[in-house]
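Q: pasting a predicted model and its sequence here:
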Amino acid sequence: AQSVTQLDSQVPVFEEAPVELRCNYSSSVSVYLFWYVQYPNQGLQLLLKYLSGSTLVKGINGFEAEFNKSQTSFHLRKPSVHISDTAEYFCAVMPGTASKLTFGTGTRLQVTL
Amino acid sequence: KAGVTQTPRYLIKTRGQQVTLSCSPISGHRSVSWYQQTPGQGLQFLFEYFSETQRNKGNFPGRFSGRQFSNSRSEMNVSTLELGDSALYLCASSKDSGFTEAFFGQGTRLTVV
């Protein structure tokens, strides 16, 4: 079984400041890792994914994440946030053997002026 | 290229009734997965269908069921509705099972009164 922990339920940040959203996972098998964003009353949009290869993954909207196998982490970062980045962010894992995403509880990113 | 279409967007039902939600995947996608999103439990996997066959199933009671048609459209049904079934139901489509990128619809907001 897999589990995902997003340690911060809310992260307030000023516009143009850097941000890191933390994600740790647990799994007895190899997994793929994902970050999704959800805007109010919307579905989920894929920001980025780690399947294999380089541990630094770049995604859309200037976001990037680094896979750290020894720490079982997959933290999301952005060097300079914008008001429009205000949304809920979900970290998720999927075992290589099944098409089933296990999500974290989400982190609400609130960007203010 | 049209995205994932879920209908209806909003639904209000009474306890004890049943409901059917519909999901039309992206053209050419054969895998459809369903997720339930609630404030208390977060995002939880319901089931996945691929080529009209259920491939994976989450930990939900038998009141939750689904099916997939030959054109890959999928429906999920919830019988004997309970107040706790109130949630956002999200559908995701991908090209095939064992996907590495899923595209989500905007969801159906079900309210049980």
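A: The structure has been received and is ready for your questions. Residues are numbered from 1 along each chain as shown, chains lettered A, B, ... in the order given.

Q: make it CA atoms for all contacts and neighbour counts henceforth
A: Will do.

Q: nearest spatial neighbour of B:Ala92, skipping sequence neighbours?
A: Of all residues not flanking B:Ala92 in the chain, B:Phe104 sits nearest, at 4.2 Å (Cα to Cα, 6 or more residues apart in numbering or on different chains).

Q: separation between A:Thr55 and chain B?
A: 16 Å (Cα to the nearest Cα, to the nearest Å).

Q: quick check: closest non-adjacent residue to that residue.
A: Of all residues not flanking A:Thr55 in the chain, A:Phe67 sits nearest, at 4.9 Å (Cα to Cα, 6+ apart).

Q: where's the residue nearest to B:Ala92 relative to B:Ser79, distance?
A: Distance of B:Phe104 to B:Ser79, computed by Cα to Cα, to the nearest Å: 24 Å.

Q: ok, back up a step: looking at the residue nearest to A:Thr55 now. What's its pLDDT?
A: At A:Phe67, the model reports a pLDDT of 95.

Q: from what I see, it and A:Leu76 are in contact.
A: No. The pair A:Phe67 / A:Leu76 is not scored as a contact, 9.4 Å apart, by Cα atoms under 8 Å.

Q: pLDDT score assigned to the residue in chain A that chain B sits nearest to?
A: Across chain A, no residue is closer to chain B than A:Gly43, which sits at 4.1 Å (Cα to the nearest Cα). Per-residue pLDDT puts A:Gly43 at 92.

Q: equivalent analysis for the one 5 residues further on, please.
A: We have a pLDDT of 95 for A:Leu48.

Q: sheet partners, orientation included, of the helix or strand where it lies?
A: Here A:Leu48 sits within strand A:44-50, counting by DSSP states H and E. Next to strand A:44-50 in the sheet, as set by DSSP bridges, lie strand A:31-38 (antiparallel).

Q: list the buried residues of the partner strand.
A: For strand A:31-38, the neighbour count (16 or more other Cα atoms under 10 Å in any protein chain shown) marks A:Val31, A:Tyr32, A:Leu33, A:Phe34, A:Trp35, A:Tyr36, A:Val37, A:Gln38 as buried.

Q: before we move on, what about stretch B:30-37?
A: Buried residues in stretch B:30-37 (16+ other Cα under 10 Å): B:Arg30, B:Ser31, B:Val32, B:Ser33, B:Trp34, B:Tyr35, B:Gln36, B:Gln37.

Q: which bits of chain B sit near chain A?
A: Residues of chain B lying close to chain A by Cα under 8 Å from any Cα of the partner chain are B:42-45, B:48, B:56, B:90, B:97-107.
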